[in-house]
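>>> Here is a sequence together with a model predicted from it:
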Amino acid sequence: PCAVAALVALSFSGAIGLTFLMLGCALEYYGVYWPLFVLIFYFISPIPHFIAKRVSDDSDAASSACRELAYFFTTGIVVSAFGFPIILARVEAIKWGACGLVLAGNAVIFLTILGFFLVFGRGDDFSWEQW
């Protein structure tokens, strides 16, 4: 029951984040869909973690180079996702209000992804591998 409630909460927060992103694109005042390219960053951000988890299964070690490299790449992806709408607004491809909505959506989505890995990534009896 606790995992189902966590899954519902995560899906709700993901929907809120995507709503912010869509508002930044689809409102008539903004009307430009360039910020949707940030979806690529949402999809590729967990990939370094998955690769590091697959390569190094020794969860007893306090730190491994592979895991640290995965954190580095994930941080680069997340920073790029926040920088992309700022660059678009700076070159006036989108308006600053749309940039703010996309940045709010980024914050919610990345916190949702982090919450997913904190809830389901422990590797105990109930983990994300079952989904």
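Structure received.
>>> Strands of this protein, residue ranges please.
Secondary structure of the chain (DSSP state E): no strands present.
>>> Just want the most central residue of it.
residue 110 (3.2 Å; C-alpha atoms, centre = their mean).
>>> Check which helices and strands the lowest-mean-pLDDT helix or strand in the chain is in contact with.
When the helices and strands of the chain are scored by mean pLDDT, DSSP states H and E, helix 47-55 comes last with a mean of 88. With contacts taken as 3 or more C-beta pairs under 8 Å, 6 or more residues apart in numbering; DSSP states H and E, helix 47-55 sits against helix 65-90. Where C-beta positions appear, they are placed from N, C-alpha and C, glycine not excepted.
>>> just how off-centre is the helix it packs on within its chain?
Distance of helix 65-90 from the chain centroid (C-alpha atoms, centre = their mean, to the nearest Å) equals 10 Å.
>>> which residues in the protein form helices?
For the chain, the helices defined by DSSP state H cover 2-26, 38-44, 47-55, 65-90, 96-120.
>>> Now the weakest link among these, please, by mean pLDDT.
Per-stretch mean pLDDT for the helices of the chain is lowest at helix 47-55 (a mean of 88).
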